[in-house]
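Asker: With the input below, show me the fold.
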Amino acid sequence: MPDEVSFTDIYVDDEIVKSVESVLRGTRYVKGPQLEQFEAEFASECGVEHAIGVSSGTAAIQLALNGLGIGPDDDVFVPSHTFYATASPVLSMGANPVFVDVDPETYTLDPDDLAEKVADADQPTAIVPVHIYGQLAEMDAILDVAAEHDLHVVEDACQAHFATRDGEYAGSIGDAGAFSFYPSKNMTVAGDGGMVVTDDDALAAEIRALRNHGRNESGNHVRLGLNYRMDEVSAAVGRKQLTHIHDWNDGRRDAARQYDDRLAAIPEIETPTVAPANEHVYHLYVIQAENRSQLKHHLESQGIQTGIHYETPVHQEEPIVERVGQTALPITEGLSPRILSLPMHPRLSGDEIDAVCDAIEGFYA
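Answerer: Presented below is the predicted three-dimensional model:
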């Protein structure tokens with residue numbers, strides 16, 4: 001089964017090591033040419049005008065919201081079936097996260113529940129749809145709600161590097177998109193990092209200032225900003241990985257097809273549903289399973305590591321409940337005891353997939 005060595009072999013090759021060595025032997029460790037080129041190349045690949053490298057995916061979400069002027073008492077609509085960092089930036093700027101349920105098949109933001117909650121909100125301002133596990137939310141319907149109520153849309157594309165919906169890349173559809181390069185993501189920078197993408201010139205300038213102590217291109221402090229910069233080493237790694245990401249995504253899709261075929265005949269398992277307009281990039285391959293906890297223990301007893309993404313819905317996390325109170329999201333709450341993430345990476349072999357599926361078949365038999 002996949003381990004840390006195999007992930008290193010995939011994401012850090014000799015070419016990447018040489019690029020890092022070149023940066024280390026140079027004199028520019030921040031605000032240099034590697035970041036400028038990485039931003040230009042990432043923007044071009046996404047089909048947008050601007051990409052702004054930052055220190056993490058969390059920073060990317062927060063800076064996009066800050067740049068759009070989200071502030072105290074604004075209502076920001078987010079799913080709860082996501083990582084904590086989708087909602088925590090909202091709270092950090094004094095805004096109110098309004099939690100929305102998800103589609104029971106794709107696990108992405110439910111536009112119908114969104115429409116109801118926006119209509120009931122006191123100060124609706126922005127939506128943060130999450131392209132969970134590697135496929136896009138129903139952006140057309142979400143944008144319809146946003147247009148009707150004049151809301152900003154910041155895509156949380158942290159798990160969906162170069163996934164598409166109707167041919168459009170994740171992150172390129174709303175006002176801005178946020179990406180993470182955390183080491184477990186489809187594309188990493190051998191550490192931590194993030195990217196904001198947008199077609200809005202003014203928003204891009206605002207985010208560039210906010211990530212660098214509020215300084216504009218002339219070096220003047222025009223905003224209250226902090227340090228959310230991406231360093232040159234990370235950018236150098238990211239540039240090299242950008243040349244591989246589409247091949248890596250193809251490898252993940254191939255592994256997912258093999259899982260789908262092998263698991264289709266097991267009635268206790270529900271494999272991922274891909275919306276017809278979507279091209280999934282399978283950051284995670286997540287099944288629903290009867291007797292999930294026992295299955296997880298059985299697989300681990302055979303050396304097969306699995307994960308749960310996410311065991312506790314964000315709206316039930318203690319610090320969130322303390323700030324916003326109790327919320328009922330029946331679909332999200334029903335998923336949590338059933339979901340299980342199977343091993344997934346670009347070079348997962350047929351033999352490894354067979355071993356996982358054989359163990360699952362053996363458990364239910």
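Asker: going forward, measure contacts between C-alpha atoms and count neighbours the same way
Answerer: OK.
Asker: any idea how far L114 is from D120?
Answerer: D120 sits at a distance of 10 Å from L114 (criterion: CA to CA, to the nearest Å).
Asker: okay, those two: which has more neighbours?
Answerer: Neighbours around D120 and L114, counted as other CA atoms under 10 Å, are more numerous at L114. The numbers are 24 against 10.
Asker: Verify the stated contact: the more buried one with V76.
Answerer: No: when contacts are counted by CA atoms under 8 Å, L114 is not listed as touching V76 (10.8 Å).
Asker: what's the nearest residue to V12 if we skip its chain neighbours?
Answerer: Leaving aside its sequence neighbours, V12 sits nearest to A190 (CA to CA, 6 or more residues apart in numbering; 7.5 Å).
Asker: wouldn't that neighbour be in contact with A236 here?
Answerer: No: at 10.0 Å, A190 does not count as touching A236 under the criterion of CA under 8 Å.
Asker: more neighbours, those two?
Answerer: Neighbours were counted for A190 and for A236 using other CA under 10 Å; A236 has more, 25 against 21.
Asker: Mind checking the pLDDT average for the helix or strand where the more buried one lies?
Answerer: For A236, the host element (DSSP states H and E) is helix 232-242. In this model, helix 232-242 has a mean pLDDT of 97.
Asker: buried set for the following helix or strand past that helix?
Answerer: Once the chain leaves helix 232-242, the next helix or strand it forms, by DSSP H and E, is helix 245-263. Neighbour-count burial for helix 245-263, counted by 16 or more other CA atoms under 10 Å, picks out 245-246, 248-256, 259-260, 262-263.
Asker: Likewise for stretch 211-224?
Answerer: Buried residues in stretch 211-224 (16+ other CA under 10 Å): 211-216.
Asker: Show me where the stretch 51-200 of the chain has its strands.
Answerer: Under the criterion DSSP state E, counting those that start in this stretch, strands of the stretch 51-200 of the chain are mapped to 75-79, 96-100, 124-127, 152-156, 164-165, 168-169, 176-180, 194-198.
Asker: now the ones you listed as JSON lines including mean pLDDT?
Answerer: Converted to JSON lines, those look like this (pLDDT from 0 to 100):
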{"stretch": "strand 75-79", "mean pLDDT": "98"}
{"stretch": "strand 96-100", "mean pLDDT": "98"}
{"stretch": "strand 124-127", "mean pLDDT": "98"}
{"stretch": "strand 152-156", "mean pLDDT": "99"}
{"stretch": "strand 164-165", "mean pLDDT": "98"}
{"stretch": "strand 168-169", "mean pLDDT": "98"}
{"stretch": "strand 176-180", "mean pLDDT": "98"}
{"stretch": "strand 194-198", "mean pLDDT": "98"}
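Asker: Which among these is found nearest to N220?
Answerer: strand 194-198 (22.1 Å; CA to CA).
Asker: In PDB, list the C-alpha atoms belonging to the closest one.
Answerer: In PDB, the C-alpha atoms belonging to strand 194-198 read as follows (Å, rounded to 0.1, in the frame of the first residue of the first chain):
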ATOM      1  CA  GLY A 194      -1.500  28.100  -1.700                       C
ATOM      2  CA  MET A 195      -2.700  30.100  -4.700                       C
ATOM      3  CA  VAL A 196      -5.500  32.600  -5.400                       C
ATOM      4  CA  VAL A 197      -6.700  32.900  -9.000                       C
ATOM      5  CA  THR A 198      -9.000  35.600 -10.500                       C
END
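Asker: Who are the packing partners of the helix or strand just after it?
Answerer: Using DSSP H and E, the helix or strand that follows strand 194-198 towards the C-terminus is helix 201-210. In terms of contact count using 3 or more CA pairs under 8 Å, 6 or more residues apart in numbering; DSSP states H and E, helix 201-210 is assigned the packing partners strand 50-54, helix 57-67.
Asker: Same list, those, but as a markdown table with mean pLDDT, mean neighbour count and distance to S293 please.
Answerer: Shown next, in a markdown table, are the helices and strands packed on helix 201-210 (pLDDT from 0 to 100; neighbours: other CA atoms under 10 Å; distance: least, CA to CA, whole Å):
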| stretch | mean pLDDT | mean neighbour count | distance to S293 |
| --- | --- | --- | --- |
| strand 50-54 | 98 | 27 | 37 |
| helix 57-67 | 98 | 25 | 30 |
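Asker: Just put the ones you listed in TSV and tack on distance to M93.
Answerer: Formatted as TSV, these follow (distance: least, CA to CA, whole Å):
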stretch	distance to M93
strand 50-54	18
helix 57-67	8
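Asker: Go through those and name the closest to P319.
Answerer: In terms of CA to CA, the element of these nearest to P319 is helix 57-67, at 17.0 Å.
Asker: what's the closest one packed up against?
Answerer: Looks like helix 57-67 contacts helix 88-92, strand 152-156, strand 176-180, strand 194-198, helix 201-210 (3+ CA pairs under 8 Å, 6+ apart).
Asker: Try it again at 7 Å.
Answerer: strand 176-180, strand 194-198, helix 201-210 (3 or more CA pairs under 7 Å, 6 or more residues apart in numbering; DSSP states H and E).
Asker: Run through who's touching it.
Answerer: Defining contact as CA atoms under 7 Å, 6 or more residues apart in numbering, one finds that helix 57-67 is touched by 54, 85, 89, 154, 156, 158, 176, 178-181, 193-196, 203, 206-207, 210, 228.
Asker: try 6 Å this time
Answerer: Here helix 57-67 makes contact (CA atoms under 6 Å, 6 or more residues apart in numbering) with 85, 89, 178-180, 194-196, 203, 206-207.
Asker: Please apply the same query to stretch 297-306.
Answerer: With contact meaning CA under 6 Å, 6+ apart, stretch 297-306 is reached by 341-342.
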